[in-house]
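# fold the following.
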Amino acid sequence: MAAADTNMRTVVYDDDVCRAFSLATVIWGAVALLLGVIVATQLSHWQANFNTSWLSFGRLRPLHTNAAIFAFVGNMMFAGIYYSTQRLLKVRMASDLLSWFNFWGWQIIIVAAAVTLPLGLTQGKEYAELIWPIDIAIAVVWVAFAVNFFWTLARRNEPNLYVAIWFYIATIITIAVLHIVNSLALPTSFLHSYPIWAGVQDALVQWWYGHNAVAFFLTTPILGIMYYYLPKAADRPVYSYRLSVVHFWSLVFIYIWAGPHHLLYTALPDWAQTLGMIFSLMLWAPSWGGMLNGLLTLRGAWDKLRTDPVIKFFIVAVTFYGMATFEGPLLSIKSVSALGHYTDWIIGHVHGGALGWNGFMAIGMLYWLVPRLWSTKLYSNRLAEIHFWIATVGILMYVVSMWVSGVSQGLFWRALDADGFLKYPDFIEGLVASKAMYQMRLLGGLLFFGSYILGMVNIFATVAKGQKSRTEVQVSARVNETGEGARRLIFSPPVLFSVALIALMCWLGVANLLTSPLVLGLLCVTVAGAGLSFALGRDRWARWHDLIEQNGFVFTVLVLFAILIGGVVQIIPTVVISGKVPSQVAAYQAEIAQAAADSTVIFTVNEELAEQAKWMQQPYSPLELEGRDLYIREGCYTCHSQMIRPLRHEVLRYGDYSRLEESLLDHPFQWGSKRTGPDLARVGGKYGNLWHYLHMTDPRSTSPASNMPSYHWLKDGRVDLGGIAHKMQTQTKLGVPYTDADILNAEQTARGQGQLITDDLAAQSVELAPDSELAAIIAYLQRLGRGPQPLTSADLAEGGR
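Numbers count the residues shown, from 1 in each chain. Purely as a prediction, here's the structure:
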């Protein structure tokens, strides 16, 4: 008996940090939803931009998305992980210092985002807009969180890792990889940088990050929270352990490949698009497996759905998870994407996941967790019930309105008349047709926000009547591992056969015509051997996952390996191929020049290289480069795309479809993901300078039904012409071919191009300074879709191609 007592330990859980993250979740959730109501109002009523730069839609929309993802869901995730991890591992977090560094560091990052984004300090990449110093801060805080988590994992008193811990491990590892790769940039100042990726490379890396930020920040940690809190609330075990194993590993492996489905029919190579679509369709199975595992956990306890508001929120959350993960693969089918992409359908899909899945899960978790953290009962179940029903009606109104608006927009844009031409050539007609749905969206958002305020009152009243809890438990210390388990794991049949299959597939990829049949034969023999081994020794195969669950290091390495495969296979070939294009075209052009100079030189036409040379992008002029930075600063990419898909209706509406070569020098790319306004890929020369001046200062003067805000402050703002040379020098380090003369004469060239624009406007009785921000924006817009040749006064006055 005494020996048994010596193996017992007293553990006091650190619930203070859980309380802090829970309260931060409640506060930042209100901020994120308020911002959502504001930007929804701006889309319905342009006057809500208040003619103020830092309140304009283009700057507040990124703030809304960052607040919803990183402030609301981020704090909820940390609260849920810190509380459940300690109880699942039966040990206090390894370092209180790191826990509080994580908390305060995260809040400082959120405040920094709330200050910088309205000021227009952005990198212009969706879900990754924050400037480079904040990116570094995110990495530091995330590493502190990871160190604390894995240190706690190593000190655990529970030998086996529960399914929730699996999802937490996948989240921590994958988000670190995604954030670091996507945030690689060269600074031009403390507040500005250019990403090292450009054009198609940047597009693929961005949506590899963007899609998997949804997967591993908004999905996997919330699934881990579901696997812990839903069984706790229902007082039932998880429905199926085996299903959770299949759900986890298939989700982690498949999800990372699906990013390219955001780029269907773009200039991304077809093989990458098809790969993304196929893996997205494969996601249906594991995603719905997880949903069913959550719903069936209530087997035998469905009566609680009538009486317990926590269960209500959890079940609706899991249902929305199923809806969102059905809709995502559906939208990845090329024919469906052709209809839905760039429309409000995508907005409905995103909010179904963010508010329906994440939002309801967060509220359900808080209603369950807060009373336990403050040793009391929920202040009012009745108020929670009212919150639930108003929120449910609100989110349904929101999602359905965006579905209707999105499908209508897609059909409107692609409608052709009997002669095969656009039935509705004016883009603004589609926007007018959507305004009723925008009002319905706003009403749904107001209901959801109003219900959340009721939830805040309920939670703070619960806190006020309770007292901070202190949880102290007696646990058995875990016996130190001898290494025998690791050896059995490494030499288990699943590992040996997996290593052999991967090695043979790699060999097959580089094998020649003589060795390929041999390798293929060995591959077939290995697959047959794996099947026979499983049939004869199912127990050994079944114990394999038990061994993994007991070895946190091996488990983490396997997760890292699973998520790296997809990224490596997709990104490296795209970077290498697109990186070769400029040099190949340059060599081809040199051959042409040599053949023109020397008639004895034999020259063979290469149609592929000739086509690439035709569309090859040349560097922006100094003023155009500055105008592009201003375009990004004002968030124009949130409403305008610069990617014409090879679809008849798009070519008829916007011009020739976009090529890969056209954006190879774009740091960052600006292909966009939403069209509240028309595509701008070929807008250069379509309108005169006066039209652009009027459109930017008073959009209703050129498009009476537009909901675009006025950008009158650009007229008074001034470009730092002296600083453009430094930006160009930074771009040369990224491969943009500016010459020394280009950089030396940058200020003079920019001023000259600005003067051409202002002279043209002056001839039409409009005054504008040549170094104004508006002149720079006009220069950039007039460049889009046109060649790099300097614009003449005649070109500018004519406003044509």
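# residues contacting Y228?
The contact partners of Y228, taken as C-beta atoms under 8 Å, 6 or more residues apart in numbering, are 80, 84, 88, 162, 164. Where you see a C-beta, it was placed from the backbone N, CA and C, and this is true even at glycine.
# wasn't it part of a strand?
No. Y228 is assigned helix when assessed by DSSP: H, G, I helix; E, B strand; the rest coil, not a strand.
# helix/strand/coil for the residue positioned nearest the centre of the chain?
By C-alpha atoms, centre = their mean, the chain has its centre lying nearest to G210, at 2.2 Å. Put simply, G210 is helix when judged by three-state DSSP.
# from what I can see it touches H262, true?
Yes. Taking C-beta atoms under 8 Å as the definition, G210 is a contact partner of H262 at 6.8 Å.
# in a helix, W671, correct?
No. Under the criterion used here (three-state DSSP), W671 is coil, not part of a helix.
# can you give the domain ranges for this protein?
The record's domain parsing of the chain by automatic domain parsing lists 8-468, 487-550, 622-797.
# and those domains, which one is worst for confidence?
Per-stretch mean pLDDT for the domains of the chain is lowest at domain 487-550 (a mean of 79).
# need the contact list for A324.
In this structure, A324 makes contact with 349, 352-353, 356-357, judged by C-beta under 8 Å, 6+ apart.
# quick one: the strands in the stretch 101-250 of the chain, in order.
Remark: strands assigned in the stretch 101-250 of the chain by DSSP state E, counting those that start in this stretch are 185-189, 192-195.
# now do the first one: distance to the chain's middle.
Think strand 185-189. Per C-alpha atoms, centre = their mean, to the nearest Å, the displacement of strand 185-189 from the mean C-alpha position of its chain is 22 Å.
# strand partners of it, parallel vs antiparallel please.
strand 192-195 (antiparallel) (DSSP bridges).
# separation between the residue nearest to the centre of the chain and G259?
Distance, G210 to G259, using C-beta to C-beta, to the nearest Å: 7 Å.
# and V214, by the same measure?
Separation of V214 from G259 (C-beta to C-beta): 10 Å.
# so which of the two has more stuff around it?
Per other C-beta atoms under 10 Å, whichever of V214 and G259 has more neighbours is G259, with 31 against 21.
# isn't that one right up against G276?
Yes. G259 lies in contact with G276 (C-beta under 8 Å); the separation is 6.1 Å.
# what sits in contact with each of the two?
Residues touching both G259 and G276 by C-beta under 8 Å, 6+ apart: Q570.
# need the winner for burial among the strands of the stretch 101-250 of the chain.
Counting by mean count of other C-beta atoms under 10 Å, strand 192-195 has the highest mean neighbour count of the strands of the stretch 101-250 of the chain, with a mean of 22.
# SS state for G735?
Put simply, G735 is coil when judged by three-state DSSP.
# repeat for Q764
Following three-state DSSP, Q764 is assigned to coil.
# excluding sequence neighbours, find me the nearest residue to it.
Closest residue in space to Q764, ignoring its immediate chain neighbours: L690 at 5.1 Å, by C-beta to C-beta, 6 or more residues apart in numbering.
# I'd like to know how far that neighbour sits from L774.
As judged by C-beta to C-beta, L690 and L774 stand 12 Å apart.
# now the strands for this structure?
Ranges of strands within the chain are 8-12, 185-189, 192-195, 472-476, based on DSSP state E.
# which non-adjacent residue is nearest I757?
Distances taken as C-beta to C-beta, 6+ apart place A775 nearest to I757, at 5.0 Å, with adjacent residues excluded.
# quick check: that neighbour touching L768?
Yes. If you go by C-beta under 8 Å, A775 and L768 touch, sitting 5.8 Å apart.
# overlap in contacts, the two.
The contact sets of A775 and L768 overlap at 757-758 (C-beta under 8 Å, 6+ apart).
# quick one: which of these two has more around it?
The neighbour comparison of A775 against L768 (other C-beta under 10 Å) goes to A775, with 31 against 21.
# need the contact list for the more buried one.
When contacts are counted by C-beta under 8 Å, 6+ apart, A775 touches 623, 719, 754, 757-758, 768-769.
# so which of the residues you listed is the closest to S95?
Nearest to S95 among the contacts of A775, counting by C-beta to C-beta, is V719 at 48.0 Å.
# what distance do you get for that closest one to W691?
In this view, V719 and W691 are 21 Å apart by C-beta to C-beta.
# between the two, which has more neighbouring residues?
Legend: neighbour count by other C-beta under 10 Å for V719 and W691, higher for V719 (26 against 14).
# hmm, the more buried one is touching A776, no?
Yes. If you go by C-beta under 8 Å, V719 and A776 touch, sitting 5.1 Å apart.
# look up the residues that both of those two are in contact with.
Common contacts of V719 and A776, defined by C-beta under 8 Å, 6+ apart, comprise 623, 626, 630, 750, 754.
# ok, the fourth one - contacts?
For A750, the residues meeting the contact criterion (C-beta under 8 Å, 6+ apart) are 621-623, 626, 719, 721, 724, 771, 776.
# what does the second one give?
For E626, the contact set (C-beta under 8 Å, 6+ apart) comprises 719, 721, 724, 727, 750, 776, 780.
# so how far is S22 from the residue nearest to A114 when sequence neighbours are not counted?
Distances taken as C-beta to C-beta, 6+ apart place L63 nearest to A114, at 6.6 Å, with adjacent residues excluded. In this view, L63 and S22 are 23 Å apart by C-beta to C-beta.
# could you do G566 as well?
Using C-beta to C-beta, one gets 34 Å for the distance from G566 to S22.
# and for V568?
38 Å.
# who has more neighbours, these two?
More neighbours surround S22 than the other of V568 and S22, with 26 against 11 (other C-beta under 10 Å).
# and the residue nearest to that one when sequence neighbours are not counted, how many neighbours does it have?
Take S22 and drop its neighbours on the chain: the residue closest to it by C-beta to C-beta, 6+ apart is A79, 4.6 Å away. Neighbour count of A79, defined by other C-beta under 10 Å: 28.
# could you list every residue that touches A79?
A79 makes contacts with 18, 21-22, 24-25, 365, 369, as judged by C-beta under 8 Å, 6+ apart.
# returning to what we had before: closest one to R441 out of the contacts of Y228, please.
Taking C-beta to C-beta as the measure, G80 is the one of these closest to R441, at 29.1 Å.
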